[in-house]
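> task: produce atomic coordinates for the following.
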Amino acid sequence: MPLDGTNVEQEFAELTGKVKGYADETKRFAESAQREIKTFGTLSEETKRQADEALLKLGETNARLGEIEQKLARRGRDADAPELKTLGEHVVSNERVQAMNSGTRGSMSLRIETKDIMNQSSTVGAGVSPTNSLVIADRRGFSPIAQRRLTVRDLIAPGETTSNAIEYVTEVAFTNSAAPVAEGALKPKSDITFNLVNAPVRTIAHFVKASRQVLDDAAQLRSIIDQRLRYGLAYQEEAQLLSGSGTGANIKGIITAATAYSAPFVMTTPTLIDQLRLAILQGTVAEYAPTGIVLNHIDWAKIELLKDTTAGYLVGDAQGVLSPTLWGLPVVATNAMTAGTYLTGAFRSGAQIFDRMQVEILVSTENEDDFIKNLVTIRCEERLALAIYRGAAFITGTFT
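As a prediction, the model looks like this:
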């Protein structure tokens, strides 16, 4: 019986049962033979024949069972590896040979190429050539493309909502007329101006198409797709939180709402570090003490490489690990920030993220075309709003 790879486990269980039955039967014949020899001094021909048949069946079944055990062992070592056939197995299983065996016998020519017995062709994806080799490739998983480290969300106060918009009141102006007042004199009037602001909940989403069979057969691929979709969402979220335009379906980002840098006082040839200190001072003067700084990796490297007149590093340490801080504030370096620009501000009190729907992964075959082609649509989306309570709490500018 050929090993077809589909019912191997079932045949193994059946043969195991047969071996036990033949072994029991052989044992009974052995006991019967002992009784006959003890009683009659010889063994009858019928008993000898039955015992020989039982031993033959037991031997054949054990041989077949050993063959299946080897098959299962090979599958266990490499579940994804295709079964390799010998040249003889290819000849025996060939349709023309089987037709000749079942029909009129006669001479015939048969050609089986060597490549047919090497390895089964396997195509992983578009642009990947099938392989034919005596040695099956040792596949070690997948190599991902580079991923950006996303950290801007960690600077901003978190929140949740069950609505489609966040409304909040901001103080636009405060005229403070408080003053000492003489007894019986008229008290001064102060004025406070408020403004109602609406931050709509926005949706960030994308999807991919995938073969249902591939996802069923490769659990790792399914997890990779899931991971990539989540990363793509977080990547766009960080860009929106920083510099979203606020128009259309875009979030209004912090840089869009931030106050432009205006030095509280003039310095002669300020360095990058000097300019950041002045930006921090600008926020502090506005009564919003900054809690963090966002820079591009290139600008942070420039700051780390600044040297004094003796060629010593001002901030960096080539032989140690530099904590990313400057002027007592944590520095977040990200490629989402345009090189040559910076952002500082009171991230915790000046803005807040409201999650309406956490990241959600949905798989669907509802589309008629997907159903027919055995494809699935994998969608990933989230809904959130960004409330910026005070634009003056954030300072942004360009390095000069």
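
> domains of the protein: list them as residue ranges, please.
Per the record, the chain has its domains at 8-117, 152-171+199-398, by automatic domain parsing.

> hey, least reliable of these by pLDDT?
When those are ranked by mean pLDDT, domain 8-117 comes last with a mean of 62.

> related to what we said a few turns ago, can you say which of the domains of the chain is packed in most?
Of all the domains of the chain, domain 152-171+199-398 has the most neighbours on average by mean count of other C-beta atoms under 10 Å, namely a mean of 16. Heads up, the C-betas are built off the backbone N, CA and C, glycines and all.

> what's the end-to-end length of that domain?
Distance between the two ends of domain 152-171+199-398: 19 Å, counting by C-alpha to C-alpha, to the nearest Å.

> same question for stretch 311-319.
The first residue of stretch 311-319 is 15 Å away from its last residue (C-alpha to C-alpha).

> re earlier: adding distance to residue 183, write the domains of the chain out as a markdown table.
Formatted as a markdown table, the domains of the chain follow (distance: least, C-beta to C-beta, whole Å):
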| stretch | distance to residue 183 |
| --- | --- |
| domain 8-117 | 94 |
| domain 152-171+199-398 | 32 |
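
> nearest to residue 190, out of those domains?
Residue 190 sits nearest to domain 152-171+199-398 of all the domains of the chain, at 12.4 Å, using C-beta to C-beta.

> and the closest one, how far out from the chain middle?
Distance of domain 152-171+199-398 from the chain centroid (C-alpha atoms, centre = their mean, to the nearest Å) equals 20 Å.

> most centrally placed residue in the chain?
residue 227 (1.9 Å; C-alpha atoms, centre = their mean).

> could you point out which element follows the helix or strand where it lies?
Using DSSP states H and E, residue 227 sits in helix 219-243. Using DSSP H and E, the helix or strand that directly follows helix 219-243 along the chain is helix 254-257.

> other SSEs contacting that following helix?
Contact analysis of helix 254-257 by 3 or more C-beta pairs under 8 Å, 6 or more residues apart in numbering; DSSP states H and E lists helix 219-243, strand 341-345, strand 375-388, strand 394-398 as its packing neighbours.

> what would the ones you listed look like in JSON lines with distance to residue 360?
Formatted as JSON lines, these follow (distance: least, C-beta to C-beta, whole Å):
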{"stretch": "helix 219-243", "distance to residue 360": "10"}
{"stretch": "strand 341-345", "distance to residue 360": "30"}
{"stretch": "strand 375-388", "distance to residue 360": "6"}
{"stretch": "strand 394-398", "distance to residue 360": "30"}
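
> quick one, which of these is nearest to residue 212?
Comparing the helices and strands packed on helix 254-257 by C-beta to C-beta, strand 375-388 comes nearest, at 5.1 Å.

> circling back to that earlier point, and the helices and strands packed on helix 254-257: which comes nearest residue 199?
Proximity to residue 199 (C-beta to C-beta) singles out strand 375-388 among the helices and strands packed on helix 254-257, at 4.6 Å.

> ramachandran angles for residue 334?
Backbone torsions of residue 334, given as degrees, to the nearest 10, read phi -150, psi 140.

> could you pull up the residues touching residue 241?
By C-beta atoms under 8 Å, 6 or more residues apart in numbering, residue 241 lies in contact with 152, 153, 156, 251, 253, 254, 353, 386.

> and the second one, what element?
I take that to be residue 153. Per DSSP H and E, residue 153 falls inside helix 152-155.

> give me the residues contacting that helix.
For helix 152-155, using C-beta under 8 Å, 6+ apart, the contacting residues are 234, 237-238, 241-242, 291-292, 294, 330, 332, 334, 336, 347-348, 353.

> quick check: neighbours of the helix or strand that comes right after that helix in the sheet, parallel or antiparallel?
Sequence order places strand 165-175 as the next helix or strand after helix 152-155, per DSSP H and E. Strand 165-175 pairs in its sheet with strand 191-200 (antiparallel), by DSSP bridges.

> after the strand it pairs with, which helix or strand is next?
Taking DSSP H and E, what comes next after strand 191-200 is strand 202-211.

> ok, and what's touching that next one?
221, 225, 229, 232-233, 236-237, 240, 249-251, 370, 374-385.

> ok and it relative to helix 219-243, angle-wise?
160 degrees (axes from the mean of the first three to the mean of the last three C-alpha atoms, to 10 degrees).
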